[in-house]
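Asks: requesting a structural model of the entry that follows:
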Amino acid sequence: MRKIIRKIGTGVGIALLVMLIAAVVIAAFFQDAVGKKLIAELNKQLTTELTVDGFELSLLRGFPNATVSFHDVLVKGRFGEGLLEAKEVAFRFRLLSLFGSQIKIHSVVVSDGALNVHLDNRGRANYDIFKTQAENGGQFNISLKKARLENIELAFRDDQLRQEMLMQVEEADFSGRLSSKKYDLKSKARLVSNFIDSDGVRYFAGKTWGYDANISVDVEKGEYDFNKVKVLIEDNLFNLAGKINKKNGYTDIDLLATADDADIASVIALLPKEQLELLGGFSSEGTFHFSMDIIGRLSSTQSPAMEATLSLQNGRLTHPLLKGPLKDVSFDAVFTNGEGHSLATSSFEIKKFKGYLHRELLTLHLKIEDFDDPFIDFQMDGALPVEYVYGFFGHPGITGGDGEIEINNLDVAGLYRDMLSVRHVPNVEMKGALEFDDAAIEIIGENIILDRGKLIFDNNELSLQDLRIEGAGSDIVLHATASNLLPVLFADSLNSNNARLLFSGRMNASKLDLSKWRKVADVPMKENAVGHSVYDSLKTEKYAHRARLTDLIQGSFKVNVDRFTYNIIEGKNFMGNLSIENSQAHINGAAEAMDGQFTLGGVAYFTKEPYVKMKLSGDGIDVRKFFYQTENLGQNVVRHENLEGTMNINMLVEAYWDSTGQFLYDKLHAWSGFGIKKGELKNLDILETFSSYVKVRDLRHIRFEDMQNWVEIKNSKFYLPVMFLQNNAMNMLVSGEQTFEGKIDYGIKINAGQVLVNKLKSGSNQKPIKAKKDGFFNLYYNVYGTLDDYKYETNRRKVKDMFRRSEKQKQQIRAVLIKEFGAPLHMLRHPALWPDDNDEVAGWDDDDVEYIEGF
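Replies: Predicted coordinates for the structure are as follows:
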């Protein structure tokens, strides 16, 4: 028995080996002939051309069938455009037909490519490329029973019906007697929709879907009976039944789609892109029903009747931005395209909507008629708990909420085109009110409370009454009136209707922390969380949004603030005006700060790359407090600890940012004139070192009666034109420049004759030396290097040249300030500079000693 089994096994093995060898040999001998024959026979049946880059024959891949695989296939369509491109097209046929007069193909697999289907304005299809049986006369027989698509991009365009579609076919199978005139088609597919456009409206963008279909097909009659079709959209199942009859120039449709075990998300997914952006994300639980009938003729001039109903009873609505579900939801919704089967006769209505959000009742009704020229009728009443809805406010920094926004009988009715138009919006009826009941949000670590207040709608006019805002170190009360709210809310990204929210109002604040409000207004983002390019993109989008927002509003606020702070700057009794127009914010006002009086005026330009122009005047300012509260103007050479005195100042600033909000230091330009009375300059490191160098100890604590100068900042440099400093140690001139990186180059001229006379007196009385031209000689020193490593040297020629150049710059600065502030500038008196009459002292030149012995 064992011998018999062994012999049988050996025989089978030998047979298989022979078959394997035979398959390899046949493939090797017949591959080239079969491939060329297939290409030739296929081209005989086409009115266009099929081209391939290569092919191979396999008798093992689909054994017992043979497989011919074409690589890099291109088939042209009827109009000369590409119909099919594929990395591989594999045909399977009976092995023995290789030795017959005809090759009979019964399946095909198309993978990794694109299929482009196009119907022109006359209804002609680009895939109509097959010759009639009488025309082709070939030895090629296609008797398809199976077809498969794998990883194919499907593009479809119908010029007559103005329809376009782009989809990714992950996989699709078709089975049946596909070459017959009449057959039952079974098909399954998994697809991803890029978009479906119909008559200019986009649907189904970015949706995953699929189907399992059994359809009876009659090719000659153009009939397709949907016996059993299930469509899966985003995990929601729809049943489709009915018939389609396709004739030359039109299609008769009788279809019914139903869903009883789905949720509202599946229906929302069918909406056009614009509505989907508003409603996308909602899903439901509860007793849900959806049905849609499509009955009638579809052609370039006709549309079928369409009616859809949607209902939810005792359900829940959820959304990723809602903290909790809307409970006990019930509503009915109906869509119909009306008697005219057109957009003009179409209507959509949501009736009897009610639900509870955190035990607060919310009701609404919506009806839209005439989709060509929509008339909208909307009512809403109830309360919105801020804790549950703050996610819809669109600010990533908002992390919590409390209190309620009460909606009192809000009613809006009118044509949509009137809602878009500033001219026609008065035709729209709008009534109702929003009332704030301790409504609060947690934003960037600050708790902002709308303690009280009401927003009242009266057609195109609205009024904000007694809105009190507490939080972020502030206590603010707002009163305002405005118009054109609806055109602004519905404005497109280009504001093509030139909508403006016109407003006027007043703001009273007992306290205001500007630094905290600046933080609140910003959008928190961490670069390391999203990457550099995304981070810049988000910041650019944020500033573009800010520019668009300021372009949509126009008006002014009168502002009164009792006390205000910005970082460590403190002030009080600000009175001024803030106005916004054409993406520009203008501010003018006066306040008390730093023991003096300030007036300011400026403009912020909210463009793609924002910039600010600001002018500031101050009188009687405590210079020590000025430097302390401005954080020493961002430098560490002269700090608040080194200064005493009373200052007057005029300043003009131009500051710029790029599109990501990055401050552009190289474009900062500032001009300033200042005067200091009864001043002191003490314990200044650079002067202490210099006092040791020139042997003048009084430089460690300089007192001066008054000092005046002009300063300019540009090209990332701080410029100090020649300045006369009359003080107790010595009278001197100082000029120079300093970069933002800390490189310095200063020139100093000392009246050494006055120093010598003063030193011969017994002790120092710490009083400033009189300004006079007499002196034995003048000394010139150049201080250069960096703030951490600077050097001194005598250099009369360089210092005098610095003084000459800086005089011209000083006049330019004064001219700019006079143009902005007017003349005179109310600076302090300028002591007469002593001339250089005695510069040329016998025996003195640039090679002399750098200091006088004994000082």
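
Asks: what segments of the stretch 201-350 of the chain are helices?
Replies: With DSSP state H, counting those that start in this stretch, the ranges of helices along the stretch 201-350 of the chain come out as 264-268, 273-279.

Asks: over to the chain?
Replies: 2-44, 133-136, 264-268, 273-279, 386-389, 416-420, 485-489, 514-521, 527-530, 532-551, 623-629, 685-694, 752-760, 796-821 (DSSP state H).

Asks: neighbouring contacts of the fifth one?
Replies: In this structure, residues lying in contact with helix 386-389 by C-beta atoms under 8 Å, 6 or more residues apart in numbering are 321-324, 357-358, 400-405, 439-441. Quick note: C-beta positions are derived from backbone N, CA and C, even for glycine.

Asks: can you flag the buried ones in those residues?
Replies: For those, a burial check counting by 16 or more other C-beta atoms under 10 Å picks out 322-323, 357-358, 401, 403-405, 439-441.

Asks: where does pLDDT dip in the stretch 1-150 of the chain?
Replies: 1-35, 59-64, 95-103, 132-143 (pLDDT under 70).

Asks: one step back: adding distance to Thr646, write the buried ones among the contacts of helix 386-389 out as a markdown table.
Replies: Output for the buried ones among the contacts of helix 386-389, formatted as a markdown table (distance: C-beta to C-beta, whole Å):
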| residue | distance to Thr646 |
| --- | --- |
| Leu322 | 59 |
| Lys323 | 56 |
| Leu357 | 60 |
| His358 | 59 |
| Gly401 | 49 |
| Gly403 | 49 |
| Glu404 | 53 |
| Ile405 | 51 |
| Ala439 | 47 |
| Ala440 | 44 |
| Ile441 | 44 |
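
Asks: make CSV out of those residues and add pLDDT and distance to Arg190.
Replies: Compiled in CSV, these are given as follows (pLDDT from 0 to 100; distance: C-beta to C-beta, whole Å):
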residue, pLDDT, distance to Arg190
Leu322, 87, 31
Lys323, 89, 35
Leu357, 92, 37
His358, 91, 40
Gly401, 92, 41
Gly403, 92, 48
Glu404, 93, 46
Ile405, 94, 44
Ala439, 93, 47
Ala440, 93, 48
Ile441, 92, 43
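
Asks: which pair in those spans the largest distance?
Replies: Spanning the widest gap among those are Leu322 and Ala440, at 17.8 Å by C-beta to C-beta.

Asks: ok, the residue nearest to Gly338 when sequence neighbours are not counted - contacts?
Replies: Leaving aside its sequence neighbours, Gly338 sits nearest to Thr345 (C-beta to C-beta, 6 or more residues apart in numbering; 2.8 Å). Neighbouring residues of Thr345 by C-beta under 8 Å, 6+ apart: 337-339, 370.

Asks: repeat for Arg124
Replies: Here Arg124 is in contact with Arg78 (C-beta under 8 Å, 6+ apart).

Asks: and it, its phi and psi?
Replies: For Arg124, the backbone dihedrals are phi -80, psi 140 (criterion: degrees, to the nearest 10).

Asks: tell me how far it lies from Val73.
Replies: Arg124 sits 24 Å away from Val73, taking C-beta to C-beta, to the nearest Å as the criterion.

Asks: swap in Asn447?
Replies: 66 Å.

Asks: more neighbours: which of these two?
Replies: Neighbour count, other C-beta atoms under 10 Å: between Asn447 and Val73, Val73 has more, with 21 against 14.

Asks: my guess is the more buried one contacts Phe55. True?
Replies: No - judged on C-beta atoms under 8 Å, Val73 makes no contact with Phe55 at a distance of 9.4 Å.

Asks: okay, and the helix or strand of the protein with the least pLDDT?
Replies: helix 527-530 (a mean of 46; mean pLDDT, DSSP states H and E).

Asks: quick one on the thing from earlier: which of the helices of the stretch 201-350 of the chain comes out lowest on mean pLDDT?
Replies: Of all the helices of the stretch 201-350 of the chain, the minimum mean pLDDT falls on helix 273-279 (a mean of 59).

Asks: how about Met292, what does it touch?
Replies: 256-258, 306-309.

Asks: re earlier: which of the contacts of Thr345 has the most neighbours?
Replies: Busiest of those [other C-beta under 10 Å] is Asn337, holding 21 neighbours.

Asks: so Thr630 sits against Ile569, correct?
Replies: Yes - applying C-beta under 8 Å, one finds Thr630 in contact with Ile569, separated by 6.9 Å.

Asks: and the strands in the stretch 451-600 of the chain?
Replies: With strands called from DSSP state E, counting those that start in this stretch, the stretch 451-600 of the chain shows them at 461-471, 474-483, 501-513, 553-566, 569-581, 584-593, 596-605.

Asks: for the second one, packing partners?
Replies: When contacts are defined as 3 or more C-beta pairs under 8 Å, 6 or more residues apart in numbering; DSSP states H and E, strand 474-483 sits against strand 461-471, strand 501-513.

Asks: which non-adjacent residue is nearest Asn642?
Replies: Using C-beta to C-beta, 6+ apart, the nearest residue to Asn642 is Leu684, at 4.8 Å.

Asks: endpoints of stretch 621-635, how far apart?
Replies: For stretch 621-635, the separation between the terminal residues is 20 Å (C-alpha to C-alpha, to the nearest Å).

Asks: stretch 292-306 now?
Replies: 7 Å.

Asks: state the mean pLDDT of that stretch.
Replies: 90.

Asks: buried stuff in that stretch?
Replies: 292-294, 296-298, 303-306.

Asks: tell me which of the helices and strands packed on strand 474-483 sits nearest to Asp197.
Replies: Minimum separation from Asp197 across the helices and strands packed on strand 474-483 (C-beta to C-beta) falls at strand 501-513, 33.5 Å.

Asks: Ser504 touches Gly555, doesn't it?
Replies: Yes - using C-beta under 8 Å, Ser504 makes contact with Gly555 at a distance of 5.2 Å.

Asks: walk me through the domains of the chain.
Replies: Following automatic domain parsing, the chain resolves into domains at 1-145, 161-359, 373-524.

Asks: turn those into TSV, including distance to Tyr784.
Replies: TSV is the format used below for the domains of the chain (distance: least, C-beta to C-beta, whole Å):
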stretch	distance to Tyr784
domain 1-145	69
domain 161-359	60
domain 373-524	37
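
Asks: rewinding a little: farthest pair within the contacts of Thr345?
Replies: Glu339 and Asp370 (12.7 Å).

Asks: can you tell me how far the residue nearest to Gly338 is from Tyr203?
Replies: 20 Å.

Asks: and if you look at Ala593?
Replies: Distance of Ala593 to Tyr203, computed by C-beta to C-beta: 59 Å.

Asks: between those two, who's got more neighbours?
Replies: Remark: of Ala593 and Tyr203, Ala593 carries more neighbours, 21 against 18, as counted by other C-beta under 10 Å.

Asks: tell me which residues form a beta bridge with the residue nearest to the more buried one when sequence neighbours are not counted?
Replies: Computed as C-beta to C-beta, 6+ apart, the closest residue to Ala593 that is not its neighbour in sequence is Gly571, at 3.6 Å. Beta-bridge partners for Gly571, by DSSP bridges, are Phe564, Ala593.
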